[in-house]
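Peer 1: The following block contains a protein sequence and its predicted model.
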Amino acid sequence: LLTFCCLSAKAQITWPEGQLLPSFPAPAATQDHIYLNSNTGEEMYLFSSLKGLINRVQPRIFSYEGDDHAEGAFTWLNSLGIGYNQTTPWAALTKYKSEISGIIIYDPNQIHTVNLATVMAKGLNALIVAPSLLNRLTAAPYNFQVLADLRGQFSSHLQVYQHIYDNYWNDTDKRLLISLSPQNHKGSLREYAVALGEAVIWLDPKKSNESTLLNKFLADMPAGANCMGWWPEEAPGVERTSYYGITTIASDFSTNLTFHSGLPRTITPHPMPAKPALENKIYVAFIISDGDNLQYVEHRMRRFWDDTNRGSVPIGWTISPAMVDAMPGALNYFHQSSTDNDNLISGPSGYGYTYPNYWLKSSSHVDSEALADFVAKTEEYNVAAGIRVITVWNTITNGIDDAVGISFAGNSPSLLGLTAQNTGGNLSIYGSNRDPNVNQLPGQPLSCNYCTGEQAMIDHIDRYSEGWTGNAPRFLIIQGNPWNSEINPTGFKNMQNRYTSGVHAGKYVFVRPDHIFQLIREYKNLTINPGSIDGDGEGLTGTYFNGSNFETKIASRIDPCINFDWGNNISPMENVNNDNFSIRWTGYVMPRYSGTYTFYLTCYRGGKLWINNELIIDKWTAITPDTYTGTIALTAGEKYDLKLEYFDSRGSANCKLEWASGFQSREIIPQSHLFQGQSVDIKDVNFVPEVKVYSSRSEKGIVHVEIGDYSGNEEMNIAVYDVCGKILLKQTGREAKYQLDLSRYSQGIYLISVCTANYSKTVRYILR
């Protein structure tokens, strides 16, 4: 058999340690847009490989392979603000021919050689070519050389994949294996596979010889590795990879991942709206399934997003947390264009599709520590993606093993809840209330796993409403099949209209998935803000003046929060005018979670708000009652300077200050998170000199901290935080060296803070 040498590559693709998937270079501001939905199969292989080779250096070709049911040819480019030139595939080949070294001819009589050619394309910088196109491509204007000819080299498809294993597998990055059908996946993800040069297979776990070879690939993959593409059958493929502690990131019909993964990784989640009040009602949450599929998010979900009824009913939209790497611009687009009724949640069963129960089977190749690492990595990506609910699948209709639920509880500090596929089962609370570091986590079985239309939703809502007396709340979660024409915002709106009118009026409340889990938590006396840093503030210092511009100071006091409605002709404080007064509140605000916060100032007349000395709301000249907003990025547990100025000239007077973030539901900023007087937290202005943080060579999980130029005159405070800002460990002393035991915590990113009364520094540390 032939073994082909590799040529040096120009790739600027990066794959940092700890990142699930690689990142491509930033796309060109103007893309060459081509249609690949009407090309022959031979041309699809050719132009997908062209796109992969060109885009690995810089994404410059964007293709549309959809039909009338997909998102539309220019939808994503327009949504993301990217320009484009329409051209033909053959014109694009002519334009970029100088960047191509030659061609690889696959064998139509052994079609699996297409996958071998896909593996070879990067190293040879060569296009995948059918014999039928050979004459055209070796003649002018292309004049490509044949660098490899696979015709007649292989007698079976198993021989092809054994050749890949023997000759290419060890030279690839084994964090990723790609599974594509050579017949069905002529384009789509193939461009991404060409660009990366990873191993590409199509092996069926249900066939003995293929199963044995597949196991050899999977056994070689490291912890945290993933498979992209898809399998001959869903359940056997996902089950097999689950046994090896590997997830499937469904993506076989993703068409532009080289483009999407090069977009900016800045993701700003939509602020979480206020939680509804808990009453004795039947609460219903809708979820659209299949968002773990990157191609679904890219195509069908993007089409649903333009439904005119989106925003009229609360919906949980499942997505893949791996979008943080694979499609960050698209993920941010969904957040930025969300309404308060749109809630992005994780598809099954975390950052990739897997059956967590299978990770702990007696014959499994993984163990509880590997599962904990998977859950911790999912938490890290959920935080980045703005996700607080996970839909867990353990086969299509199975529930969650207690050990799996406990692992999620112990390694997902900010998670609100899990859904389970055992339809109609009982609510479970995972995690012990005796351990303050464990998130007591509700697991709520779905009331319908995969509802197929409006009548199915009616049947399940009616069934699980039976026997309700109105003496306690009840919680239903309906997950719908997105491939049915009635599972969309319009279909969900029809359900909401049905159950909020007529004989049902007053009984049902429709809520987002994150809200239904907050309500479940409240009903079960659990915190509704898991993973948050709680404060013990006393409120803000309010200084009251007569005159609408702080002319005459009257008095100061501590106001627990800013939530005042003085009405007409009522003084806010003794000796202060009924009208024509002003107030200045000062102090500090401490966020529960890290992220971008939106502050809401509701007032008559006008006001200004500074956070961390930045003016984020400037509405001093307002003349009508309204709510004004401003945003700023904050770190959990830090205290930030806050100053709010407000005036009233005449008539009604009120002033209310709220906040929200992707993880913080909108609320009046509570007293516990407002502080008056000098902040006890030191900002990173005066850095502690020469802070070194490093792991022990001999003891796993032991971390050393060394502080240079430290005299020992001041007490040193060392603290370890998780990615949500929750404090995990504290240590104090007057030494220059410290040893921290993090062996009980999962691999991932942590923040280690070193501070004295006068100096502070925070170091980002990756625990492996």
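Peer 2: Ah, there it is. Note that this is a predicted model, so its numbers are computed, not measured. Numbers count the residues shown, from 1 in each chain.

Peer 1: Just say helix, strand or coil for residue 144.
Peer 2: What DSSP: H, G, I helix; E, B strand; the rest coil gives for residue 144 is coil.

Peer 1: Tell me how many other residues crowd it.
Peer 2: For residue 144, the neighbour count with other C-beta atoms under 10 Å is 19. For glycine as for every other residue, the C-beta is placed from the backbone atoms N, C-alpha and C.

Peer 1: Hmm, it is touching residue 99, no?
Peer 2: No. With the criterion set as C-beta atoms under 8 Å, residue 144 and residue 99 do not qualify as a contacting pair; they are 11.8 Å apart.

Peer 1: first to last residue in stretch 128-142, what's the distance?
Peer 2: Stretch 128-142 has an end-to-end distance of 14 Å (criterion: C-alpha to C-alpha, to the nearest Å).

Peer 1: Run the chain-centre distance for it.
Peer 2: Computed by C-alpha atoms, centre = their mean, to the nearest Å, the chain-centroid distance of stretch 128-142 equals 43 Å.

Peer 1: Start and end of stretch 231-251, how far apart?
Peer 2: With C-alpha to C-alpha as the measure, what separates the two termini of stretch 231-251 is 11 Å.

Peer 1: Could you list the buried residues of that stretch?
Peer 2: Neighbour-count burial for stretch 231-251 flags 231, 237-251 (criterion: 16 or more other C-beta atoms under 10 Å).

Peer 1: can you check stretch 507-517 too?
Peer 2: Applying a neighbour-count criterion of 16+ other C-beta under 10 Å, one finds 508-517 buried in stretch 507-517.

Peer 1: Please tell me how far it is from the chain's geometric centre.
Peer 2: Relative to the centre of its chain, stretch 507-517 is centred 21 Å away, using C-alpha atoms, centre = their mean.

Peer 1: who's in contact with it?
Peer 2: Contacting residues not belonging to stretch 507-517 are listed as 272-273, 275-276, 279, 281-287, 313-316, 341, 343, 345, 388-389, 416-417, 419, 442, 444, 465, 468, 470, 475, 477, 495-496, 499-500, 519, 665 [C-beta atoms under 8 Å, 6 or more residues apart in numbering].

Peer 1: Contacts for stretch 657-664 next, please.
Peer 2: The list of residues contacting stretch 657-664 from outside it, by C-beta under 8 Å, 6+ apart, reads 268-274, 335, 383, 386, 388, 414, 529, 531-532, 561-563, 589, 591-593, 595-602, 609, 644, 666-669, 724.

Peer 1: ok, of those, which come out buried?
Peer 2: Neighbour counting by 16+ other C-beta under 10 Å classes 268-273, 335, 383, 386, 388, 414, 529, 531-532, 561-562, 589, 591-593, 595-602, 609, 644, 666-667, 669, 724 among the contacts of stretch 657-664 as buried.

Peer 1: From the residues you listed, which land in helices?
Peer 2: Under the assignment DSSP state H, the buried ones among the contacts of stretch 657-664 contribute 335, 383 to helices.

Peer 1: And residue 456, how far from residue 636?
Peer 2: Counting by C-beta to C-beta, to the nearest Å, the separation of residue 456 from residue 636 is 42 Å.

Peer 1: And those two? Which one has more around it.
Peer 2: Between residue 456 and residue 636, counted using other C-beta under 10 Å, the more crowded position is residue 636 (25 against 18).

Peer 1: Let's verify the more buried one: helix, strand, or coil?
Peer 2: Note that with three-state DSSP, the state of residue 636 is coil.

Peer 1: From residue 611, how far out is it?
Peer 2: When C-beta to C-beta is applied, the distance between residue 636 and residue 611 equals 15 Å.

Peer 1: Only the C-alpha atoms, please, for stretch 578-594, written as CSV.
Peer 2: Below are the C-alpha coordinates for stretch 578-594, written out as CSV (Å, rounded to 0.1, in the frame of the first residue of the first chain):
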residue,chain,number,x,y,z
ASN,A,578,-41.5,67.7,48.5
ASP,A,579,-40.4,68.7,45.0
ASN,A,580,-37.1,70.2,43.7
PHE,A,581,-34.7,67.9,45.5
SER,A,582,-31.7,65.8,44.6
ILE,A,583,-30.0,62.7,46.0
ARG,A,584,-26.5,61.2,45.6
TRP,A,585,-26.0,57.6,46.6
THR,A,586,-22.4,56.4,47.0
GLY,A,587,-20.7,53.2,48.0
TYR,A,588,-19.8,49.8,46.4
VAL,A,589,-21.6,47.1,44.5
MET,A,590,-20.5,43.5,44.5
PRO,A,591,-21.7,41.2,41.7
ARG,A,592,-22.7,37.6,42.4
TYR,A,593,-21.3,36.3,39.1
SER,A,594,-18.6,37.3,36.7
